[in-house]
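S.K.: Need coordinates for the below:
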Amino acid sequence: MRLLLLLMLTLTACFPLPGAAQERPDWGRFFDEFDARGTIVVVDERLGSRPAWVFDPARASRRYSPASTYKIPHTLLALDAGAVRDEFEVFEWDGVERDFAGHNRDQDLRSAMRNSAMWVYERFANEIGEEAARRYLTRIDYGNADPTTDKGAYWVDGNLAISAHEQVAFLQRLYRNELPFKVEHQRLVKDLMIVEAGREWILRAKTGWEGSMGWWVGWVEWPAGPVFFALNIDTPNRLGDLAKREQIARAILRSMEALPPP
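M.R.: Numbering: from 1, shown residues only. Alright, predicted model coming up:
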């Protein structure tokens, strides 16, 4: 009996149960290289269903403000609620000068996603309303589904929070058009997320920054299947740390051939 139990424990260690996260302490070298503290969750589905790989499991389960990564589901909410008609609708700039020049112009959905134009999404939030947002967030099981805030945007300064594991689970449902929204809306959001592409692969992703921490989440599509990822890091140097989000995630993805060499 003891021998059988030992054998089962050994097999579980070597071949984790489906859905079990496998820790990757070796990925710490990528965070060390860029002098950053953070976590990353990766699910590689190119060879069938795979468990998550994770660096710093405790942090990967901790919820943080989604910041601008929330523009992914927020766009779906806005389309469904009629706050925006389609990718061609133009939102006239309100004339308020903001720190990032890309925000100081008229926007459509594509430019608002690319430039992370918060003022466009604040309009969406006002039109959708808190109670409707809560219902949407509950339906899609997004983090703590709490859109309340004392001041500022609820996805940056409010109570909405999500973990790296939950980010990946949400992205997997979006990839498969399994969210409770029109398929054409889910396909549009995925089109808006395209960062770059090669002959055999497409990278769809979104950054986010709350001030003290930052995200990069998304997936890489290959003919053999997608590779999902969600990274967050502390940003004590604020703007000086933002490039590290993509640098670390790209280095890890390249190490597993989920992205081609630069």
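S.K.: Now do the contacts for residue 151.
M.R.: Contacts for residue 151 (CB atoms under 8 Å, 6 or more residues apart in numbering) come out as residue 157. To be clear about C-beta, it is placed using only N, CA and C from the backbone, and glycine gets the same treatment.
S.K.: again, but for residue 140
M.R.: Going by CB under 8 Å, 6+ apart, residue 140 touches 73, 76, 170, 173, 179, 180.
S.K.: Next one: the last one relative to residue 75, how far apart?
M.R.: Distance of residue 180 to residue 75, given as CB to CB, to the nearest Å: 15 Å.
S.K.: Give me the more crowded residue out of these two.
M.R.: Legend: neighbour count by other CB atoms under 10 Å for residue 180 and residue 75, higher for residue 75 (26 against 11).
S.K.: Using the three-state scheme, assign that one.
M.R.: With DSSP: H, G, I helix; E, B strand; the rest coil as the basis, residue 75 sits in helix.
S.K.: Find the nearest non-adjacent residue to it, please.
M.R.: Using CB to CB, 6 or more residues apart in numbering and skipping the chain neighbours, the partner closest in space to residue 75 is residue 189 (5.1 Å).
S.K.: before we move on, what about residue 251?
M.R.: Nearest to residue 251 is residue 30, by CB to CB, 6+ apart, at 4.8 Å.
S.K.: ok, what's across the strand from residue 227?
M.R.: Note on residue 227: beta-bridge partners by DSSP bridges are residue 44, residue 220.
S.K.: tell me the centre residue of this protein?
M.R.: The centre of the chain sits closest to residue 217, judged by CA atoms, centre = their mean, with a distance of 3.2 Å.
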